[in-house]
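Sequence below, structure please.
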Amino acid sequence: MVPCGKSADPYRGLRCDDSNALGPLIRIIFLILLWINRFFAPLNDHNDIMSEPANLRLNGIEVPLDRRLNADHPHFVAIMSLHRDAISRKRPSYRDPVSGYSVFTAKFLADRAYCCASGCRHCPFEQLR
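Residues are numbered from 1 along each chain as shown. From the prediction side, this is the model:
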């Protein structure tokens, strides 16, 4: 058994046969981080939103919220057509015709069973705020 330090073989560099030398230190650091996470988790309201299943709106799959996509939007018809097409093809998203961004469908968001509170265009859940 070679003590911690230089190895008898010069090509192997440092060697220590006590492979658990850092084990207790790592365990203490892990426990401290776990305690900090439990202590500060209640301050994060994002966890509260995601931990409870959200209630679906009655027409949440078919009709977007007015403040997210109003019927007066110049591309409303095209956007809703792309949305319906993506749902019928069982795709999780479609490409926005104006920005080119990927937009999740209401069906995909409903299947996740929680509201992420990110302001999704087709969020099918009742809004808490």
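
any idea which helix or strand comes after the least confident helix or strand in the chain by mean pLDDT?
Of all helical and strand segments in the chain, the minimum by mean pLDDT, DSSP states H and E falls on helix 45-51, at a mean of 46. Once the chain leaves helix 45-51, the next helix or strand it forms, by DSSP states H and E, is helix 76-88.

and that following helix, what's its mean pLDDT?
Averaged over helix 76-88, pLDDT sits at 96.

Could you report the pLDDT at residue 114?
84.

my guess is it meets residue 120, correct?
No - counting by Cβ atoms under 8 Å, residue 114 does not reach residue 120; the two are 11.7 Å apart. Placement of C-beta: from N, CA and C, glycine included.

higher neighbour count, those two?
Just comparing residue 114 and residue 120: by other Cβ atoms under 10 Å the higher neighbour count belongs to residue 120, 19 against 13.

Can you pull the phi/psi pair for that one?
Residue 120 has phi and psi values of phi -60, psi 140 when expressed as degrees, to the nearest 10.

for it, what are its contacts?
68, 103, 104, 109 (Cβ atoms under 8 Å, 6 or more residues apart in numbering).

quick one: which of these is most hemmed in?
Counting by other Cβ under 10 Å, top hit in the contacts of residue 120: residue 109 with 25 neighbours.

What helices and strands are in contact with the helix or strand that residue falls within?
According to DSSP H and E, residue 109 maps onto helix 106-112. Here helix 106-112 touches helix 76-88, going by 3 or more Cβ pairs under 8 Å, 6 or more residues apart in numbering; DSSP states H and E.

Could I have the CA atoms of the helix it packs on written out in PDB?
Presented in PDB, the C-alpha positions along helix 76-88 are these (Å, rounded to 0.1, in the frame of the first residue of the first chain):
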ATOM      1  CA  PHE A  76     -54.800  35.700 -35.200                       C
ATOM      2  CA  VAL A  77     -56.300  33.500 -37.900                       C
ATOM      3  CA  ALA A  78     -53.000  32.200 -39.100                       C
ATOM      4  CA  ILE A  79     -51.700  31.500 -35.600                       C
ATOM      5  CA  MET A  80     -54.900  29.600 -34.600                       C
ATOM      6  CA  SER A  81     -54.700  27.600 -37.900                       C
ATOM      7  CA  LEU A  82     -51.100  26.600 -37.100                       C
ATOM      8  CA  HIS A  83     -52.100  25.800 -33.500                       C
ATOM      9  CA  ARG A  84     -55.000  23.500 -34.600                       C
ATOM     10  CA  ASP A  85     -52.800  21.800 -37.200                       C
ATOM     11  CA  ALA A  86     -50.100  21.100 -34.700                       C
ATOM     12  CA  ILE A  87     -52.600  19.600 -32.300                       C
ATOM     13  CA  SER A  88     -54.200  17.400 -35.000                       C
END
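
Perfect, that will be all.
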